[in-house]
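K.L.:
next come a sequence and a model predicted from it.
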Amino acid sequence: MSVSLNVNGRDVRVDADPSTPILWALRDNLQLTGTKFGCGMALCGACTVHLNGSAVRACVTPISAAVGQRVVTIEAQAADPVGKAVTDAWVRHDVAQCGYCQSGQVMGAVALLKANKNPSPAQIDEAMAGHICRCGTYARVRTAVQDAARALA
């Protein structure tokens, strides 16, 4: 079955069952491999994308839920002022170690800063709590989000 989606501002067709998770449509059908598979149960955040501006877990969200919506992946963040500010802060603060979780972390941070331009450290921790980093860079994540917020102010 063919499903029409809007991904990163482009209308695309995906040949997949509507119950297929967005993650696999992005990675396997559209070759957008920046979105990572982590746990497959929406617990780790590695697969985070934006659906109409809200951070969602692509590993459990079916493509049928994305029909008529805007899907944005990590690949589009360089063109977004908030995404660029977050990515630049990530680099300045050496957030990434192994890097596997980072696309999901960045997508979570971008969604937070679009909803709250000046989050407190507690609000950052709360928003980013669903993003697991095996390398333990949580303090750097918080610092980078604060830095990106200042850069955007």
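P.N.:
Structure received.
K.L.:
any idea what Val71 is bridged to?
P.N.:
Val7, Leu51 (DSSP bridges).
K.L.:
that one: what's it in contact with?
P.N.:
Leu5, Asn6, Val7, Asn8, Ile22, Leu26, Val49, His50, Leu51 (Cβ atoms under 8 Å, 6 or more residues apart in numbering). Bear in mind the C-beta positions are built from the backbone N, C-alpha and C, glycine included.
K.L.:
can you rerun that using 7 Å?
P.N.:
Leu5, Asn6, Val7, Ile22, Val49, Leu51 (Cβ atoms under 7 Å, 6 or more residues apart in numbering).
K.L.:
number of nearby residues for the fourth one?
P.N.:
It refers to Ile22. 29 (other Cβ atoms under 10 Å).
K.L.:
verify the stated contact: it with Val67.
P.N.:
No: Ile22 lies out of contact with Val67 (Cβ atoms under 7 Å); the separation is 10.7 Å.
K.L.:
quick check, central residue of this structure?
P.N.:
In the chain, the residue lying closest to the centroid (Cα atoms, centre = their mean) is Met107, at 2.7 Å.
K.L.:
which non-adjacent residue is nearest that residue?
P.N.:
Residue nearest to Met107 in three dimensions, not counting chain neighbours: Thr48, with 4.2 Å by Cβ to Cβ, 6 or more residues apart in numbering.
K.L.:
what's the separation between the one you found and Gly40?
P.N.:
14 Å (Cβ to Cβ, to the nearest Å).
K.L.:
please apply the same query to Asp11.
P.N.:
28 Å.
K.L.:
all strands for this protein, in order.
P.N.:
Secondary structure of the chain (DSSP state E): strands located at 2-7, 10-15, 48-51, 54-57, 70-72.
K.L.:
what pLDDT does the model give Thr20?
P.N.:
Thr20 carries a pLDDT score of 97 in this model.
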